Every structure is written in structure tokens, then in C-alpha cells.
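Asks: predicted model and sequence below, questions to follow.
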Amino acid sequence: MIKLSEILPHLIHQFKSENDLIRAIDEISNKFTKERNKIGDYLKDPRLVAAYTAFYLLTNIPKLEEVLKWLPGAWMKELKNCDFIDLGAGPGTFSLAWKGLGIGNGDFYQVEQSELMRQQGLLLWKGFHQEKLYQGAKWEWKNDRPKFLLFGHSANEMGSDEAIRYIEKINPEHILFIEPGTKDFFPEMLKIRTYLLNHQHSVLFPCSNVLSCPMQNKDDWCHQFIHIKQDSEIERISQMARKDRKLLPLTVHAYSRNFKGENPQERLVRVFPETKFSLEWEICHLNQLERYQIMKRDLSSKEIKDLGAVLAGASIESELLKELDQYNRVKILKVK
Ligand SMILES: C[S@@+](CC[C@H](N)C(=O)[O-])C[C@H]1O[C@@H](n2cnc3c(N)ncnc32)[C@H](O)[C@@H]1O
């Protein structure tokens, strides 16, 4: 795992102190959450670009690792020989994360509109790797090798129309979105989903099939959660900056043109507060929302604890015990 102290020498701005870094992290985080209209501002300030890099690189590496656990193992084999395209790469957090996993044999491309971010991305890449990095403000290369396109927290900034334009231009075999788990972004993700399903792509995650999303006309949105284990230095900084980076909401979608996996039929999309007697889950079951009740009396304390820790995003297999008016009483056979 890369440590914060290893990143600091490769930043385009050197912070005078830890407090100086924390103040900059606070500023960026406000721009992401409270001042969305000024979201582009941080891209023009070397201090904020450096703070972004220090803070988010170290959380995006474990984030990618956790997300990949949800995806079919056989798909990873397909991705292995693809060129990796980090779209809206910022300082290349996900390029470094993908490279660090040692899976990809292809070339690395970073498409990033901000010149400062590209500078930061190059400095960081050179700090850790010898291989060539292709970088540009837009997609400007031509090759016929299969491509794995990753949108990391960027489709939400550029919007669905721009994301689709990039997909049309790059024509990737495989696409992964790791985006914020926000309600605002969900309709945008659905537009991209519709486009991809109409253009020879299959959805690998999170949906079980190509039918329309059961949440699309509801006051709700499909998103997932992950727990990540952080480097101790960044954990301390997160605490000082009062940012919870351990339990993260996110929107993950994966698509492929040629890989046909067998998608799980049941996915946990919401965990309701548990009752004295039961665990209560909302499941997307073959693109229908169903409420599952899991009775505690049928479980050992360890099973209750383990199932109580399962987060939205997990796929499950269940056995129907009783069909009731409002919900299904089930036994959980498998969680992944
Ligand atoms: C929140 S940052 C994410 C950076 C990195 N992918 C990550 O997850 O750490 C979003 C990035 O998308 C870039 N971006 C937004 N719209 C873009 C566009 N139309 N073309 C290229 N990059 C874009 C921004 O400049 C910014 O660096």
C-alpha cells in the first residue's frame, strides 16, 4: 500500500504543515458538497490539486480493490490485455490503483481537461513507474487494441451527454464507472445505462439483466457502500479533517461488449434498520424491488453479526420460506 509520506514529494505544491494540508482538503470537500456551482475552481489551483491528490489517491486505491471484488473473476482476465483509459483522470488516482494491482498488461492513457491535473498526474506517475504514460486533454489516439475505459468520479462532473460522446469516440470493449453514490447523479447514470444497452453492451454490475431499472421513477436511487481500510497516516488526517472515508457510498456500474457473464439474480440495494426479531433488506431481484425479512431466531449470533455487516451492493442467494403481503421471509444461502 502506498503511504501518504511517499506521495508528498511528488506533489505540485508542498504544504507547510499538516494543518495546511487539512485546510486545503476541507476547501475541496466543501466545493464537492456545498458549492457544486464552483466545482471547477479547484482544478486551477496547484494547492488544491495537490491536496486532492494526497487525500483521494489513498482512498481510491482500496476503493478500486473493493469494487473489483463485486465483479466476475473471468472479466478480470479479459481486462488484463486491454489498454487502460482513465477518463477525467485528475492526477491519475485510478491509473495508479490499476497499475498497482499488477493486472493490466496494456498501455496507460489519462484523459484530463485540466492542465494542472495532467502535470500532477505525470509527476506522480513518474514518481512510481518507469513505463510510458499517454496523456491528453481529450481522446486523441487511434489504436485497435481492446480498451478498458474507467470513469472515476468524472462522469458526474462532465454529465451523461459528454460521457456518451467519449464512449462513442473511444469505442471501448469494457467500461467501469466508480462515481459518487448521490441521488443527483443517478438519473445521469441511467441515461448512460440506456445508451450502452442500446449499443451492444451488456451490464455486468449492478443489474441482473437488461430490463429497465425499477428505481428509475421512484424517489430513490440505486447505490452501494464499501468499507475501506486506509493507510494510518491518511486515517489520522481524515479524522482531523472530520471526513469519514471508511464507509463510502458509491455508484458502480460495469459494462462489456463481448464478455457475457452470468449476473447474480438478487442484489442487496438497501439495508433497513434491523428489528428485534429480524434483518430487513431491500433486494433488486431480476429487476424487481422486493423486501426480504431474515428472522434472527433461525440464526446463530455469529450469523446475525455477519449478515448485519453486509452492505448494499452485495449479491445474495436466498431461499423463499414464506411469501407475505409486504415482504418475503427468506433464508440467506450465500453472500458475495
Ligand atoms: C473529481 S475529479 C476525479 C479524478 C480522478 N478520476 C479520481 O477519481 O480521483 C474529476 C475530473 O474529471 C475531469 N473532467 C471533467 N470533465 C471533463 C471532460 N469533459 N473531459 C476530461 N476531463 C474532465 C476534471 O477536470 C477532474 O479532474
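Replies: That came through fine.
Asks: ranges for the strands of the stretch 201-336 of the chain?
Replies: 202-205, 224-227, 247-256, 266-272, 278-285, 289-295, 315-323, 328-335 (DSSP state E, counting those that start in this stretch).
Asks: any stretches of the stretch 151-300 of the chain with poor pLDDT?
Replies: Under the criterion of pLDDT under 70, none of the stretch 151-300 of the chain is flagged as low confidence.
Asks: quick one: name the residues of it near the ligand.
Replies: Taking CB under 6 Å from any ligand atom as the criterion, the stretch 151-300 of the chain approaches the ligand at residues 152, 153, 154, 157, 158, 162. Yep, even glycine has a C-beta here, placed from its N, CA and C like the rest.
Asks: helix or strand: which one has the last one?
Replies: Pointing back at residue 162 there. If you go by DSSP states H and E, residue 162 is part of helix 160-170.
Asks: who are the packing partners of the helix or strand just after that helix?
Replies: Beyond helix 160-170 in the direction of the C-terminus, DSSP H and E gives the next helix or strand as strand 174-180. The elements that strand 174-180 packs onto, with contact taken as 3 or more CB pairs under 8 Å, 6 or more residues apart in numbering; DSSP states H and E, are helix 46-70, helix 73-80, strand 147-152, helix 155-158, helix 186-197, strand 247-256.
Asks: any idea of the mean pLDDT for stretch 112-126?
Replies: The predicted model assigns stretch 112-126 a mean pLDDT of 97.
Asks: find the nearest non-adjacent residue to residue 21, please.
Replies: For residue 21, the nearest residue in space outside its immediate sequence neighbours is residue 15; the separation is 4.3 Å by CB to CB, 6 or more residues apart in numbering.
Asks: and that neighbour, how many neighbours does it have?
Replies: 17 (other CB atoms under 10 Å).
Asks: now do the same for it: its pLDDT.
Replies: On pLDDT, residue 15 comes in at 95.
Asks: that one contacts residue 22, correct?
Replies: No. Residue 15 sits out of contact with residue 22 when judged by CB atoms under 8 Å, with a separation of 9.0 Å.
Asks: per-domain residue ranges of the chain.
Replies: Per automatic domain parsing, the domain ranges recorded for the chain read 4-256, 266-335.
Asks: right, so the ones you listed: which one is the most enclosed?
Replies: With neighbours defined as mean count of other CB atoms under 10 Å, the domains of the chain peak in mean count at domain 4-256, which reaches a mean of 18.
Asks: now do it: distance from first to last residue.
Replies: Taking CA to CA, to the nearest Å as the measure, domain 4-256 stretches 34 Å from start to finish.
Asks: before we move on, what about stretch 178-195?
Replies: In terms of CA to CA, the two terminal residues of stretch 178-195 are separated by 18 Å.
Asks: give me the contact list for that stretch.
Replies: Taking CB atoms under 8 Å, 6 or more residues apart in numbering as the criterion, the residues outside stretch 178-195 that touch it are 60, 63-64, 67, 94, 150-156, 159-160, 163-164, 167, 177, 203, 207, 213, 215-216, 221-225, 248-253.
Asks: can you give the distance of that stretch from its chain's centre?
Replies: Mean-position distance between stretch 178-195 and its chain equals 12 Å (CA atoms, centre = their mean, to the nearest Å).
Asks: same question for stretch 263-272.
Replies: Between the mean C-alpha point of stretch 263-272 and the mean C-alpha point of its chain there is a distance of 17 Å (CA atoms, centre = their mean).
Asks: if we can go back for a sec, quick one, what contacts the residue nearest to residue 21?
Replies: Each residue near residue 15 by CB under 8 Å, 6+ apart is listed here: 8, 21, 24, 47, 50, 51, 54.
Asks: doesn't residue 21 make contact with the fourth one?
Replies: No. Under the criterion of CB under 8 Å, residue 47 is not in contact with residue 21, lying 9.3 Å apart.
Asks: what sits opposite residue 271 in the beta ladder?
Replies: Note on residue 271: beta-bridge partners residue 281, judged by DSSP bridges.
Asks: let me fix that, I meant to ask about residue 293.
Replies: With DSSP bridges applied, residue 293 shows beta-bridge pairing to residue 280, residue 329.
Asks: please list all residues in contact with it.
Replies: Counted by CB under 8 Å, 6+ apart, residue 293 has contacts 278, 279, 280, 324, 327, 328, 329, 330.
Asks: got any residues that touch both of residue 15 and residue 22?
Replies: Looking at what touches both residue 15 and residue 22 (by CB under 8 Å, 6+ apart), there is no common residue.
Asks: for residue 198, grab phi and psi.
Replies: Main-chain torsions, residue 198, degrees, to the nearest 10: phi -80, psi 0.
Asks: and it, how far from the ligand?
Replies: As judged by CB to the nearest ligand atom, to the nearest Å, residue 198 and the ligand stand 22 Å apart.
Asks: what's the nearest residue to residue 147 if we skip its chain neighbours?
Replies: The shortest distance from residue 147 to any residue that is not its chain neighbour, by CB to CB, 6+ apart, is 4.1 Å, and that residue is residue 172.
Asks: I should have written residue 310 there, sorry.
Replies: Spatial nearest neighbour of residue 310, chain neighbours left out: residue 335 (5.5 Å); criterion: CB to CB, 6+ apart.
Asks: next: residue 41.
Replies: Computed as CB to CB, 6+ apart, the closest residue to residue 41 that is not its neighbour in sequence is residue 31, at 6.2 Å.
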